[in-house]
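Asker: with the sequence up front, the predicted model follows.
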Amino acid sequence: MTAEPLNHDHDPLDPEDILRRLPHDERERFIRDYRSALDAAHELWRYRQLQEVLRLWHMRATAYARPDFAERAQQARTGNPAVFTAAEEAIPELPPVARTPDLS
């Protein structure tokens, strides 16, 4: 049996790694978000914004890598009840969400 060597140097928030894992049509948006957060990080109190941007894009890159991502995203947009369970049903202790009345 063989095993992959452990990569102790791997940083999931490495912007270069995130960029490489993203689909080509998402890369420009990532670069814009990253540069904006990087500029903001010059202010000490906004440093965490950079970390949050990298964390968000890492999660997106991970999601985009799934072979069924496009199908799942479409199902989420349509709220297909055959695929998804309402939050209130899945988490009974969840407080009810105030809903805006339909004014149409």
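Answerer: Happy to help now that I have it.
Asker: in the chain, which helix or strand is least confident?
Answerer: helix 87-90 (a mean of 77; mean pLDDT, DSSP states H and E).
Asker: what's the spacing between that one and its chain's center?
Answerer: With Cα atoms, centre = their mean, to the nearest Å as the basis, helix 87-90 stands 22 Å off its chain's centre.
Asker: also stretch 51-66?
Answerer: 4 Å.
Asker: any stretches of the chain with poor pLDDT?
Answerer: 1-9, 96-104 (pLDDT under 70).
Asker: the same query, at a cut-off of 80, please.
Answerer: 1-10, 76, 79-90, 94-104 (pLDDT under 80).
Asker: for it, which segments count as strands?
Answerer: Applying DSSP state E to the chain gives no strands.
Asker: okay, helices next: where are they in it?
Answerer: With DSSP state H as the criterion, the chain has helices at 15-21, 24-40, 47-64, 69-78, 87-90.
Asker: now L22: how far from F30?
Answerer: Distance, L22 to F30, by Cβ to Cβ, to the nearest Å: 6 Å. The way it works is simple: take the backbone N, C-alpha and C, and place the C-beta from them, glycine included.
Asker: name the residues contacting each of these two.
Answerer: W57 (Cβ atoms under 8 Å, 6 or more residues apart in numbering).
Asker: before we move on, back to that, in the least confident helix or strand of the chain, what's buried?
Answerer: Neighbour-count burial for helix 87-90, counted by 16 or more other Cβ atoms under 10 Å, picks out no residue.
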